[in-house]
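>>> Can you look at this prediction? I've put the sequence above it.
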Amino acid sequence: MTGIHDPVLAWYDANKRVLPWREAGASPWAVMVSEFMLQQTPVNRVLPAYERWLARWPTPADLAAEAPGEAVRAWDRLGYPRRALRLHAAAQAIVERHGGEVPDDHAALLALPGVGTYTAAAIASFAFGQRHAVVDTNVRRVLARSLTGVAQPSISPTAADQRLAVSALPDDEATAARWAVASMELGALVCTARTPNCAGCPIRSRCAWVLAGSPPYDGPPRKGQTYEGTDRQARGRLLAVLRSASAPVAKAELDACWPDAVQRERALDGLVADGLVEPLARSRYRLPG
DNA sequence: CAACCGTGGCT
DNA sequence: TAGCCAAGGTT
């Protein structure tokens, strides 16, 4: 399996995208911001928000000093706005517990709000050059195909995925760090979910899935996520109104953005419970101050 | 652990 | 067109 390292690393050097968080001057904080934004949001949509965010808050302390609502507003339409709240809380934790510096320790990273197994490993690897299995959906797919020989990885991450990724990690720290980005980039650009570009793949001659004749996916059906008419959509509508408002918003204005009163109240209550919306006196609402 | 949590582009 | 998918985390 080590046979796949060199071709993927060489492919990466020749084909990697130029991304701001990969520049030599990118700080650990910049890497961390990018990782939060990239959780379930495509690169192209992250780029503008990322640039604005770092220009405004170049250090964790800068963000920590702001009201959380400003983070939610600056999050714009990246989706899953709780990530903005968690990034803000993580910035505060970094100031309080780590002197304002993004920690380089995996366990310390994992203890931050909004940082799970993947993000902790990604920051430790990308920002600090450490050796970690950085297992995201791209890497799971690359390993599922090239090593396991199946069209798609399991629906949700498993301990087996993690073990496989650990076993595929180069021994040398610097090489492991390069492998982490490179294997992820291969999954993003070539070994894609829908229509992989196997003709352009540096390891097609060693890929277990290709060698098996590229058999189609035969696992359980993937749950298609509906969106129309869901609480999520209602929450999105409500929050969009509050994001664009510069002053507290009257309840009546929120009522106008979603017809079903029961669902609307549930969504609003949920936003308040999540800390994304702050209720004020006289039935007015705003982003948390 | 399954369900929940946004938003938009692509096929 | 309607689904599928996107650098996950939390409960």
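That came in fine, so what should we check first?
>>> where in chain A is pLDDT low?
Residues of chain A meeting the criterion pLDDT under 70: A:1-2.
>>> got the residues of it near DNA strand C?
Selection of chain A residues close to DNA strand C by C-beta under 7 Å from any atom of the strand yields A:19, A:21-22, A:34-35, A:38-43, A:79-80, A:86, A:113-120, A:122, A:136-138, A:141, A:184-185, A:187-188, A:192-194, A:222, A:224-225, A:227. Yep, even glycine has a C-beta here, placed from its N, CA and C like the rest.
>>> count of neighbours near the residue of the stretch 101-250 of chain A found nearest DNA strand B?
Going by C-beta to the nearest atom of the strand, DNA strand B is nearest to A:G236 of the stretch 101-250 of chain A, at 1.6 Å. As a burial measure, A:G236 scores 19 neighbours (other C-beta atoms under 10 Å).
>>> cool, the one 5 residues further on as well?
Burial of A:V241, expressed as a neighbour count using other C-beta under 10 Å, amounts to 15.
>>> Distance-wise, check it relative to A:N15.
Note on A:V241: its distance to A:N15, by C-beta to C-beta, to the nearest Å, is 42 Å.
>>> got it, and A:P153?
Distance, A:P153 to A:N15, by C-beta to C-beta: 22 Å.
>>> Comparing those two, which residue is more hemmed in?
Applying other C-beta under 10 Å to A:P153 and A:N15 shows that A:P153 carries more neighbours, namely 25 against 14.
>>> my read: the more buried one touches A:L147, true?
No: taking C-beta atoms under 8 Å as the definition, A:P153 is not a contact partner of A:L147, at 10.7 Å.
>>> next one: whatever helix or strand A:R243 lives in to chain centre, how far?
According to DSSP states H and E, A:R243 maps onto helix A:231-244. The chain centre lies 21 Å from the centre of helix A:231-244; the measure is C-alpha atoms, centre = their mean, to the nearest Å.
>>> buried ones in it?
Buried residues in helix A:231-244, counted by 16 or more other C-beta atoms under 10 Å: A:R232, A:A234, A:R235, A:G236, A:L238, A:L239, A:L242, A:R243.
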